[in-house]
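Asks: can't give you the sequence, but here's the structure:
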């Protein structure tokens with residue numbers, strides 16, 4: 001079964017930076033739109049950022065605009081999320097997801113993404 005694997009999470013302090021990575025365990029997702037979602041305790045799984053298959057389009061949640069940057073390197077079959085100026089409210093499990101067959105728009109709903117990783121914990125202490 002195809003699986004996405006996230007890495008790069010950890011425990012940091014307010015104001016620190018982290019870079020998350022996501023790569024599939026098998027096959028390539030170079031033709032798929034991809035996204036990062038996060039889910040805090042007792043909360044919904046929300047979109048953080050999304051990127052089109054070729055990197056030409058990106059979309060960000062308002063709460064991360066100007067602080068987080070999504071990118072991908074299709075030659076390495078890897079997607080990234082650069083997080084800066086981290087805040088305690090950014091604490092969550094971060095998931096990467098893939099949506100094969102780009103439809104020309106970036107989906108914001110988790111239900112539109114077919115493949116998911118197991119998540120990586122990001123904890124920001126105050």
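Replies: Perfect, thanks for sending it. Remember, predicted model here, so these are calculated numbers, not experimental data. Residues are numbered from 1 along each chain as shown.
Asks: what's the pLDDT at the residue most central in space within the chain?
Replies: Centroid-nearest residue in the chain: residue 36, 2.0 Å away (criterion: Cα atoms, centre = their mean). Predicted confidence (pLDDT) for residue 36: 98.
Asks: swap in residue 69?
Replies: For residue 69, pLDDT reads 98.
Asks: in terms of helix, strand or coil, where does the nearest residue to residue 29 once chain neighbours are set aside fall?
Replies: Leaving aside its sequence neighbours, residue 29 sits nearest to residue 98 (Cβ to Cβ, 6 or more residues apart in numbering; 4.8 Å). For glycine as for every other residue, the C-beta is placed from the backbone atoms N, C-alpha and C. Three-state assignment for residue 98 (DSSP: H, G, I helix; E, B strand; the rest coil): strand.
Asks: give the bridge partners for residue 98, please.
Replies: Going by DSSP bridges, residue 98 is paired in beta bridges with residue 34, residue 115.
Asks: right, and it touches residue 113 too?
Replies: Yes: counting by Cβ atoms under 8 Å, residue 98 does reach residue 113; the two are 6.4 Å apart.
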